[in-house]
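J.: predicted coordinates and the sequence they were generated for:
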Amino acid sequence: MRKWQELSAGIAVALLRSETVEGSPSGSASDTGVMRIRAVHIDELPLLQDIERAAGRCFADIGMPEIADDEPLPLTDLAHYQRADLAWVAVDEVDRPVAYLIAEHVDGNLHIEQVSVHPDSARRGIGRSLLDHVGHRAGADGIPALTLTTFADVPWNAPYYARCGFQFLDDSALGPGLQDIRRREAAHGLERWPRVCMRRRL
């Protein structure tokens, strides 16, 4: 098992500092105006690993080499999200994934487990579009909020998510699922860097 396997959102989000591009709330795919968002195909899972490796390299520049050098989620884990219909990709003009998001149900909300954008496709609003797309779909299903855990002081983590409509959650407001995620993160050494829980109401 990879050392950092239980890391949650924000671990490999690459340079997401761009404008809002709203996705479609319905259908199997949506055109964001930048790139199309659709469900992940099973044969694309190795590409998701490549995206995560590339996206994570920027952490080396801010003194977090452990994160930059970490291996991506195993294919078996990614397949779990794909089978559960909780994995999406943004694709380019030839339908090749350049970014992805995986999520899980936690405490009655949809928890963003990972969102990664390849650096070659950064600063195009793709990360925000993935969040908007998933948020629209979750809201249509009656899910009240998106949640995530992330690094507090990394510019493309908590500050970025705040610009995307997420608000900080006090520890006293965490449900049992989020509390368990925080415990697992601490056990894997993530508390070495300040981390926060955030929520975006739908």
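T.: Everything's here; your move. Numbers count the residues shown, from 1 in each chain.

J.: pLDDT at the residue lying farthest from the centre of the chain, what is it?
T.: Computed with C-alpha atoms, centre = their mean, the residue of the chain farthest from its C-alpha average is residue 172, at 23.6 Å. We have a pLDDT of 91 for residue 172.

J.: got phi/psi on it?
T.: phi -70, psi -20 (degrees, to the nearest 10).

J.: just give me the neighbour total for residue 117.
T.: For residue 117, the count of nearby residues is 31 (other C-beta atoms under 10 Å). C-beta coordinates here come from the backbone N, C-alpha and C atoms, glycine included.

J.: surely residue 104 is within a helix?
T.: No: the assignment for residue 104 is strand, going by DSSP: H, G, I helix; E, B strand; the rest coil, so no helix is present there.

J.: so how far is residue 132 from it?
T.: 19 Å (C-beta to C-beta, to the nearest Å).

J.: again with residue 77
T.: Separation of residue 77 from residue 132 (C-beta to C-beta): 25 Å.

J.: who's more crowded, those two?
T.: Counted by other C-beta under 10 Å, residue 77 and residue 132 do not tie: residue 132 has more neighbours, with 23 against 17.

J.: give the other helices and strands that the helix or strand encompassing that one contacts.
T.: Using DSSP states H and E, residue 132 sits within helix 126-140. Using 3 or more C-beta pairs under 8 Å, 6 or more residues apart in numbering; DSSP states H and E, the elements in contact with helix 126-140 are strand 36-39, strand 87-91, strand 97-106, strand 109-117, strand 145-151.

J.: buried residues, that helix. List them.
T.: Neighbour counts over helix 126-140 (16 or more other C-beta atoms under 10 Å) mark 126-139 as buried.

J.: what about stretch 63-79, how long is it end to end?
T.: 31 Å (C-alpha to C-alpha, to the nearest Å).

J.: circling back: got the CA positions of the helix holding residue 132 in CSV?
T.: Extracted in CSV, the C-alpha atoms of helix 126-140 (Å, rounded to 0.1, in the frame of the first residue of the first chain):
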residue,chain,number,x,y,z
ILE,A,126,-10.7,22.7,-15.7
GLY,A,127,-10.4,21.9,-12.0
ARG,A,128,-13.3,24.3,-11.2
SER,A,129,-15.3,22.9,-14.0
LEU,A,130,-14.9,19.4,-12.7
LEU,A,131,-16.0,20.6,-9.2
ASP,A,132,-19.0,22.4,-10.7
HIS,A,133,-20.0,19.4,-12.8
VAL,A,134,-19.9,17.0,-9.9
GLY,A,135,-21.6,19.5,-7.7
HIS,A,136,-24.5,19.9,-10.1
ARG,A,137,-25.0,16.2,-10.4
ALA,A,138,-24.8,15.7,-6.6
GLY,A,139,-27.3,18.5,-6.1
ALA,A,140,-29.7,17.0,-8.6
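
J.: between it and strand 97-106, how big is the angle?
T.: On the basis of axes from the mean of the first three to the mean of the last three C-alpha atoms, to 10 degrees, helix 126-140 is oriented at 40 degrees to strand 97-106.
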